Every structure is written in C-alpha cells, then in structure tokens.
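> give me coordinates for this.
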Amino acid sequence: MTTSPARPARQSPRPGSASAPHGTRQAPEATRMQGHWLLATLGKRVLRPGGIELTRRMLQAAAPKAGQRVVELGPGVGRTAELLLASRPSSYRGVDPNPEGREQVTKVLQGHPGAEYVVADAAHTGLADASADLVVGEAMLTMQSDAHKREIIAEAARVLAPGGRYAIHELALRGDLTPDEIEATRKQISRTIRVGARPLPLEGWAALLTEAGLVVEWSGTAPMHLLEPRRLLQDEGPIGVARFLLRMARTPGARDRVRAMRQMFRLQGEMLSAVALVARKPTEVSGA
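Modelled structure (predicted):
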C-alpha cells in the first residue's frame with residue numbers, strides 16, 4: 001500500500017516479527033497499527049481484498065509475458081512480485097516510499113537480474129515516460145483521496161508504453177449505495193483498520209481509468225473475505241495459517257484487533273466486495 005502514512009521505522013514492527021516495542025505508550029502496539037501492517041507483522045503475506053485467486057485472475061487478464069518491463073506500485077511484502085517475476089520480465093521495479101515490507105520484497109527480488117526496489121511515491125515514481133509494459137497496483141488506491149487516486153493513475157498511464165496494461169485490485173462498494181451510506185461505510189472501515197479508506201463502486205474505478213485515457217478490457221470481483229478461515233487457508237496455506245494464529249496468540253492486543261476487523265468486514269459484507277480491473281493504454285496512431 002504505497003502512499004499510506006507510515007510510522008517512524010523505530011516504532012513500526014517489521015512484517016514477520018512476533019511483536020514490536022511499545023515505546024512510551026501503555027496500549028499494545030497491535031491496537032494502534034494500521035490494519036494491513038498488523039496482519040503482515042503476524043505473518044500474512046496476501047494482503048489483497050480479493051485474495052490470491054483474484055490476483056491470479058487479474059494477472060491472467062493482464063497477460064504478462066517474458067521480456068516485458070514490469071512496475072508494481074506498493075508491492076506490500078512481495079507476494080504478487082513472486083508471481084510477476086515468474087513471468088520472466090526483462091525488468092521489475094517495485095515502487096514504495098515506506099519502510100514496511102521493504103526487507104521482505106528485497107529478499108523476493110534477490111537472484112532476479114533487472115529487479116529493483118524504488119523508494120518513491122506512486123504519484124511521482126521518477127520513472128521515464130513509456131518505460132513499462134505492465135503496471136500493477138493492489139490494495140493501495142483505496143487508501144488515497146480521490147485527487148491522489150487520479151494522480152497515481154495518471155502516473156501509471158504516463159509510465160506505460162502505448163499498448164501496455166495497468167492492472168488494479170481494490171476494495172469496492174455496492175453500486176446502489178446512497179452518499180450517506182457510502183460515507184458511513186468508509187468511516188466504519190477507516191476506524192477499524194486505523195487508516196483512511198475510500199473505496200469506490202466498480203463503475204467508479206472504471207471511470208477513473210477511462211478518465212486517464214485508458215481502455216478497460218477486463219474486470220472481476222470476489223467477496224471481501226480477507227480474514228475468513230477458508231480464504232486464509234487458500235491464501236496462506238496450512239503452514240502459513242498456523243504461523244499466523246501462533247503469532248496472533250503471542251502478540252498482545254492482536255487477537256482482539258483481528259477479531260474486530262473480521263467482524264467489521266462481516267457486518268459490511270453486503271456493502272463491500274473486492275474488484276480487479278485491467279486497462280490498456282491505446283496505441284498512438286501516427287498522424288492522428
């Protein structure tokens with residue numbers, strides 16, 4: 001999640017550690033951390049709302065090929081990077097300004113020539129125009145204001161070469177909600193996960209991509225079951241689930257926090273889903 005506010009590195013536990021220093025506060029760190037980084041700290045590697053299955057469907061639609069240039073905005077702890085690197089790109093650049101997850105992604109990139117970690121904001125990557133054939137961003141636009149969403153999407157379109165594709169995987173709202181219902185749902189999510197969340201309906205996500213000059217070619221949805229037992233097993237596997245549960249039991253405040261997030265997602269289940277879209281940058285026509 002690329003541009004969400006980051007705590008100072010000395011206060012933020014690294015994903016994979018069982019606990020973190022509490023500093024001078026009395027409340028356990030687990031009660032104060034942003035929800036996605038708490039889950040990563042407990043060992044969860046798939047931090048996408050639709051799980052690894054929707055990510056796989058999205059990448060199948062985006063069709064990464066050997067020799068392509070790939071950029072991932074907000075690589076998290078590197079789970080999707082593993083899938084992208086398996087396509088044997090000529091280059092892979094993971095772009096993120098925050099320290100959380102950097103160590104894990106760096107380990108994933110080891111042994112892959114042309115793969116690098118770029119410390120930059122997703123809206124200002126510093127990458128050259130038309131320098132990517134595929135740009136991927138998951139679970140990070142949801143956390144941005146509408147203006148910043150547009151900036152990030154515009155940056156992805158700038159970095160893409162003509163004919164390249166931009167794939168996103170985000171949280172979505174039901175399309176028939178009233179403005180008051182949308183605001184109430186956003187506030188409830190934000191309070192629970194400790195970071196501002198501004199999901200859009202599927203049509204809203206598609207409109208932002210179209211507004212940036214991209215052509216939406218594919219979309220898919222999945223239930224928002226991030227913390228449901230069946231999804232946990234599908235995403236993390238038996239060993240990963242066991243590790244997650246053990247760390248949750250050993251980390252002060254973590255059990256109650258995870259339970260609260262799962263309960264919120266269940267209560268908001270009729271309002272929320274996961275959505276993925278793939279959009280193409282049109283090929284420039286000579287003389288047009």
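> next up, the contacts around the spatially closest residue to residue 279 that is not a sequence neighbour.
Spatial nearest neighbour of residue 279, chain neighbours left out: residue 214 (3.8 Å); criterion: CB to CB, 6 or more residues apart in numbering. Yep, even glycine has a C-beta here, placed from its N, CA and C like the rest. Applying CB atoms under 8 Å, 6 or more residues apart in numbering, we find residue 214 in contact with 153, 157, 166, 279-282.
> how near is residue 214 to residue 137?
Separation of residue 214 from residue 137 (CB to CB, to the nearest Å): 13 Å.
> what's the longest strand anywhere in the chain packed up against?
Counting residues, the longest strand found in the chain (DSSP state E) is strand 160-173. Under the contact criterion of 3 or more CB pairs under 8 Å, 6 or more residues apart in numbering; DSSP states H and E, strand 160-173 touches helix 51-62, strand 132-138, helix 146-159, helix 179-193, strand 200-201, helix 202-211, strand 272-280.
> looking at these, which is nearest to residue 261?
Residue 261 lies closest to helix 179-193 among the helices and strands packed on strand 160-173, at 5.6 Å (CB to CB).
> which outside residues touch that closest one?
Residues from elsewhere that reach helix 179-193 (CB under 8 Å, 6+ apart): 34-36, 171, 173, 177, 196-199, 260-261, 264, 267-268, 271-272.
> so which of those belong to strands?
Using DSSP E, the subset of the contacts of helix 179-193 located in strands is 171, 173, 272.
> leaving out chain neighbours, which residue sits closest to the first one?
Think residue 171. That would be residue 199: by CB to CB, 6+ apart, it lies 4.0 Å from residue 171.
> one more: the last one?
Spatial nearest neighbour of residue 272, excluding adjacent residues (CB to CB, 6+ apart): residue 224 at 4.4 Å.
> which residues does that neighbour contact?
By CB under 8 Å, 6+ apart, the contact set of residue 224 is 49-50, 171, 265, 268-269, 272-274.
> by neighbour count, which of the residues you listed wins?
residue 50 (29 neighbours; other CB atoms under 10 Å).
> now do the residue lying closest to residue 271 once chain neighbours are set aside against residue 240, distance only.
In space, and not counting its chain neighbours, residue 271 is closest to residue 185: 4.9 Å by CB to CB, 6+ apart. Distance, residue 185 to residue 240, using CB to CB: 30 Å.
> give the burial count for residue 66, as a bare number.
When counting by other CB under 10 Å, one arrives at 8 neighbours for residue 66.
> check contacts around it.
Residue 66 sits next to 87-89 when contact means CB under 8 Å, 6+ apart.
> quick check on it: phi, psi?
Backbone torsions of residue 66, given as degrees, to the nearest 10, read phi -60, psi 140.
> longest helix in the protein, please.
Longest helix of the chain, by residue count under DSSP state H: helix 229-250.
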